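1. Fold the following and give me the result.
(chains A and B)
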Amino acid sequence: MDEWLKQNRSEYELMMMVMNQFLAQSFYPVPTAPAQSGHYREDHTQSILELLSSFPESHLSLPLKVFSLGPVYDPGHGRWAETVDVEILGEGGPQHEVMAIELIMQLVSRWPNLAERSLMVLGHLGLLDQAMASESVLPGVRQQVRQALSSGHLVQAESLLAHASPKTRRLLLPQTYGNFVDALGDTVPEADFDHLSRLEGAISRHMGTRWDLSLTGNWPYYTDLVFSLYLENIGQPLLNGGRFLADVQGRAWHGVGFTLYLDPLYQAVQQETEWTSHDL
Amino acid sequence: MTFSNVTVAVAKGRILEGTRALWVQRGLTWPVDAESRKLWFSPNALRPGMLIARARDIPTLVAMGIADLGVVGLDVLEEHPNSQILQVADLKFGACRIVLAGRERQWPAGPTRIATKYQRIAQAYFSLHHHPVELVPLSGSLELAPVIGLAPYIVDIVDTGNTLRQHQLVEIATVMESSARLIANPSHWRTKPSLEAVRQILTA
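-> This is a model prediction of the structure:
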């Protein structure tokens, strides 16, 4: 029992440490309910935006940095996952993408070995759409490709893009930044390469990256950059996020957000602690 | 090319047989001894590890990261969707169809009772055709349903059609076509260096 109690304590200490980091960076906590209208919460963002939308628009001062803590339901596995959801709200667009990435890097860098064992995978819905448009893929088919990718049907997406050039299709595979921009330069020469380079630079100082336009994020409200942080040999993401535009109660919310999964983070931190104590 | 830290989960039955052919064709040592009842073969320098499991457990094993890759029929993936896996290749074997069958080759007239073990696929199909149905869930021996008066129609998987003929049933419509799919854990697919070789084979 002692072991179990100690483990619970360690998990809560980690959660508090994460909370304190966001509080120190001027993020405001927003409490959200785990169930609403008979449905379990699968995502905090919608709940946060519903609460904020209940205030008059004149009360809002953007950008607004908020976070929400608590479990989300995973219907695929029929289980709850403890999470922290972080949102930078406002029309900052690319600037907020960099801000979110830097925030994540600051957090993960607290455990140097953890960063070394992590890999950030980045996708981009805007670039995906531009790449398909450059191949004259019709808007309806582009939508089908996006739906196929978001539900993991790479076979179907590949089949819908059968007539696209091999370079464009290769954008749907994970690859290094260098290879990605080479392929992208041929397909979407008008892409904002300076911004992509800023993002890559912000991450690569701490960990490796892979760029892969087949990554489209879990939610339909994503519009541009999407990202997932993975740990070596752990089959679950440590966090998922992206830039979004969500229409809630008639109000358009722009922002960049991410969901941090505390269980895999705790496992990874525990492994790091064990390794460090071995080294000593 | 090394697969020493790669594990593949394969569905029992026809899919396992098809996987064997593909596996051997790639020059890999097939780990399963015909006499053996082992279901787990750890990876080694000559081949990936293998897990043999029930078809509907394969997506779970892959989603949870226990296996990096999985081989399972599209029919299983459609009936038990799992948003935490990637379908990365159509392996072009294990072809079969899910069909609507009955005693006469005639589309059901009016609201109809249909026995099936593919409730999700059948519901989607009849919704698409705006046809009202009552689905009776069965887990096997579907061909008996029209014979014993449980339901005049069935939605079931067919390979050669022999079983249907033996029960005096005929195909009325193809609901979906299926074949073996290679599925992957998204995390491992996007980050594990040893899966790069698999990606190259698929894109070659």
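2. residues in contact with A:N20?
-> Shown in contact with A:N20 (CB atoms under 8 Å, 6 or more residues apart in numbering or on different chains): no residues. Where you see a C-beta, it was placed from the backbone N, CA and C, and this is true even at glycine.
3. hmm, I was thinking of A:L114
-> A:V108, A:L231, A:A268, A:V269, A:E272.
4. quick one, what contacts the last one?
-> By that I understand A:E272. A:W111, A:N113, A:L114.
5. Kindly report the same for the second one.
-> Contacts of A:L231 were listed using CB under 8 Å, 6+ apart, and they are A:L114, A:R117, A:S118, A:L119, A:L238, A:P264, A:A268.
6. now the third one
-> A:A268 sits next to A:W111, A:L114, A:R117, A:L231, A:I234, A:L238 when contact means CB under 8 Å, 6+ apart.
7. Now do the SS call for it.
-> helix (DSSP: H, G, I helix; E, B strand; the rest coil).
8. tell me which parts of chain B are close to chain A?
-> B:5, B:60, B:63-66, B:68, B:81-90, B:181, B:185-192, B:199, B:203 (CB under 8 Å from any CB of the partner chain).
9. Can you flag which of those belong to strands?
-> Judged by DSSP state E, the subset of the residues of chain B next to chain A located in strands is B:L86, B:Q87, B:V88, B:A89, B:D90, B:R181.
10. Any of those buried? List them.
-> When these are checked for burial by 16 or more other CB atoms under 10 Å in any protein chain shown, the buried set is B:L86, B:Q87, B:V88, B:A89, B:R181.
11. Columns distance to A:S136 and pLDDT on top of those residues, output as a markdown table?
-> Conversion of these to a markdown table gives the following (distance: CB to CB, whole Å; pLDDT from 0 to 100):
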| residue | distance to A:S136 | pLDDT |
| --- | --- | --- |
| B:L86 | 27 | 95 |
| B:Q87 | 26 | 95 |
| B:V88 | 26 | 94 |
| B:A89 | 26 | 93 |
| B:R181 | 29 | 96 |
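12. got the domain boundaries for chain B?
-> In the assignment given by automatic domain parsing, the structural domains of chain B cover B:7-94+B:179-203, B:96-177.
13. gap between the longest one and the chain center?
-> I take that to be domain B:7-94+B:179-203. 12 Å (CA atoms, centre = their mean, to the nearest Å).
14. Tell me where the model's unsure across chain B.
-> For chain B, residues meeting the criterion pLDDT under 70 lie at B:1-2, B:203-204.
15. Next: chain A.
-> Ranges of chain A meeting pLDDT under 70: A:76, A:275-280.
16. Quick check, the residue in it closest to chain B?
-> Of all residues in chain A, A:G235 sits closest to chain B, at 1.5 Å by CB to the nearest CB.
17. can I assume that residue is in contact with B:L61?
-> No - in this structure A:G235 lies outside contact range of B:L61 using CB atoms under 8 Å: 9.9 Å.
18. how about the strands of chain A, start to end?
-> Going by DSSP E, chain A shows strands at A:28-29, A:35-36, A:39-40, A:64-74, A:79-89, A:118-124, A:208-211, A:222-231, A:237-248, A:251-261.
19. Just put those strands in CSV and tack on distance to A:G185.
-> Listed next are the strands of chain A as CSV, based on distance: least, CB to CB, whole Å:
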stretch, distance to A:G185
strand A:28-29, 41
strand A:35-36, 45
strand A:39-40, 44
strand A:64-74, 34
strand A:79-89, 29
strand A:118-124, 14
strand A:208-211, 13
strand A:222-231, 18
strand A:237-248, 22
strand A:251-261, 25
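20. Among those, which comes closest to B:L22?
-> Each of the strands of chain A has some distance to B:L22 by CB to CB; the shortest is strand A:208-211, at 26.9 Å.
21. any idea how far the closest one is from the chain center?
-> Between the centre of strand A:208-211 and the centre of its host chain there is 14 Å, according to CA atoms, centre = their mean.
22. by contact count, what packs against that strand?
-> Here strand A:208-211 touches strand A:118-124, helix A:177-187, going by 3 or more CB pairs under 8 Å, 6 or more residues apart in numbering or on different chains; DSSP states H and E.
23. Return it as CSV; C-alpha atoms alone will do.
-> These are the backbone C-alpha positions of strand A:208-211, laid out as CSV (Å, rounded to 0.1, in the frame of the first residue of the first chain):
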residue,chain,number,x,y,z
GLY,A,208,14.3,15.7,-33.1
THR,A,209,11.4,16.4,-35.5
ARG,A,210,9.6,14.7,-38.3
TRP,A,211,7.3,16.5,-40.7
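24. List the neighbours of it that are in contact with it.
-> A:118-123, A:174-177, A:180, A:200, A:203, B:190-191.
25. Can you name the residues that contact the most centrally placed residue in chain A?
-> In chain A, the centroid-proximal residue (CA atoms, centre = their mean) is A:G241; its distance is 1.6 Å. Counting by CB under 8 Å, 6+ apart, A:G241 touches A:V86, A:A100, A:I104, A:G217, A:V226, A:F227, A:S228, A:V256, A:G257, A:F258, A:T259.
26. if I look at the second one, how far off is A:T32?
-> So that's A:A100. 19 Å (CB to CB, to the nearest Å).
27. Kindly report the same for the third one.
-> When distances are taken as CB to CB, A:I104 and A:T32 turn out to be 21 Å apart.
28. and what of the fourth one?
-> Per CB to CB, A:G217 is found 20 Å from A:T32.
29. Tell me which residues touch B:H167, please.
-> Shown in contact with B:H167 (CB under 8 Å, 6+ apart): B:E143, B:L144, B:P146, B:V147.
30. Quick one: name the residues of chain A near chain B.
-> Counting by CB under 8 Å from any CB, the positions of chain A adjacent to chain B are A:76-77, A:119, A:121, A:151-156, A:169-170, A:173-174, A:210, A:212, A:214-215, A:218, A:228, A:230, A:232-237.
31. Next one: A:D212 from A:T176, what distance?
-> Distance from A:D212 to A:T176, by CB to CB: 11 Å.
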